[in-house]
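Undergrad: here are the coordinates; sequence isn't available:
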């Protein structure tokens with residue numbers, strides 16, 4: 001292996017594949033069963049087509065990830081590891097396999113196995129009996145994808161197509177509108193959509209979801225601080 005290839009491999013190791021997968025999730029690139037090299041190739045193709053609006057809709061942390069990957073473009077494309085390793089996202093975790101023997105364990109512990117979704121107890125206790133199983137599955141996944149950064153302009157929001165929701169939850173895309181209306185009736189989600197021009201002259205639909213409990217809790221925390229400050 002050449003010196004340049006060795007340098008490339010060292011540079012790639014600084015970027016967990018999970019970060020590439022995070023980007024793939026955001027823009028709908030499929031990772032399951034594909035090599036990192038294939039996904040990285042899609043990444044650069046998609047970057048060429050990203051509009052300013054698409055870029056501005058991303059979280060600040062996601063932009064940092066993208067810029068880091070762009071900076072390592074040559075290293076990523078030159079790395080033999082990148083072409084030969086399948087994405088860790090294809091793994092279903094330690095409940096179904098012996099992760100201790102996996103070559104990607106350290107990488108997963110920094111990403112795939114590190115993060116978790118959260119739901120406050122009042123939601124589980126009060127709304128679980130009210131929702132259908134499919135609506136609850138959709139709700140859980142929307143919470144998984146929502147922006148939890150209270151200082152971000154897109155706090156409590158996420159963007160997913162019905163196809164992406166269907167693939168993630170097992171709920172049919174043709175029934176998605178029904179279950180979103182159920183979540184809206186219960187005040188759990190705000191949903192809207194708009195059509196915009198696509199990169200090649202076509203039209204695409206952007207679906208926006210807002211997780212209401214996140215914003216409600218944020219408002220309550222601010223009100224509590226203001227009340228405390230006024231009492232002093």
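TA: Structure received. Quantities reported herein were computed from a predicted structural model and do not represent experimental measurements.
Undergrad: Just give me the longest helix of this protein.
TA: The longest helix of the chain (DSSP state H) is helix 212-231.
Undergrad: Tell me the buried residues in it?
TA: 213-214 (16 or more other C-beta atoms under 10 Å). C-beta here means a position set from N, CA and C on the backbone, and glycine is covered the same way.
Undergrad: Equivalent analysis for stretch 187-198, please.
TA: Those would be 188-190, for stretch 187-198 by 16+ other C-beta under 10 Å.
Undergrad: For those, give me a markdown table that also has pLDDT and secondary structure.
TA: Formatted as a markdown table, the buried residues of stretch 187-198 follow (pLDDT from 0 to 100; DSSP: H, G, I helix; E, B strand; the rest coil):
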| residue | pLDDT | secondary structure |
| --- | --- | --- |
| 188 | 97 | coil |
| 189 | 97 | strand |
| 190 | 96 | strand |
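Undergrad: can you give me the strands in this protein?
TA: Secondary structure of the chain (DSSP state E): strands at 157-159, 189-197, 203-211.
Undergrad: Looking at the ones you listed, which is nearest to residue 135?
TA: strand 189-197 (9.5 Å; C-beta to C-beta).
Undergrad: so which of the strands of the chain gets nearest residue 94?
TA: strand 157-159 (26.5 Å).
Undergrad: outside of that closest one, which residues touch it?
TA: 57, 142, 145-147, 206-211 (C-beta atoms under 8 Å, 6 or more residues apart in numbering).
Undergrad: Tell me which two of these sit farthest apart.
TA: 206 and 211 (17.0 Å).
Undergrad: which one of these two has more residues nearby?
TA: residue 211 (22 against 15; other C-beta atoms under 10 Å).
Undergrad: hmm, back to that, tabulate the contacts of strand 157-159 (TSV), appending distance to residue 134.
TA: TSV is the format used below for those (distance: C-beta to C-beta, whole Å):
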residue	distance to residue 134
57	27
142	13
145	17
146	19
147	24
206	23
207	17
208	21
209	16
210	20
211	18
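Undergrad: Same list as before, those that is, but in TSV and with pLDDT and distance to residue 159 included.
TA: Below are those laid out as TSV (pLDDT from 0 to 100; distance: C-beta to C-beta, whole Å):
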residue	pLDDT	distance to residue 159
57	65	7
142	94	10
145	87	8
146	89	10
147	85	10
206	86	6
207	92	6
208	92	6
209	95	7
210	95	11
211	96	12
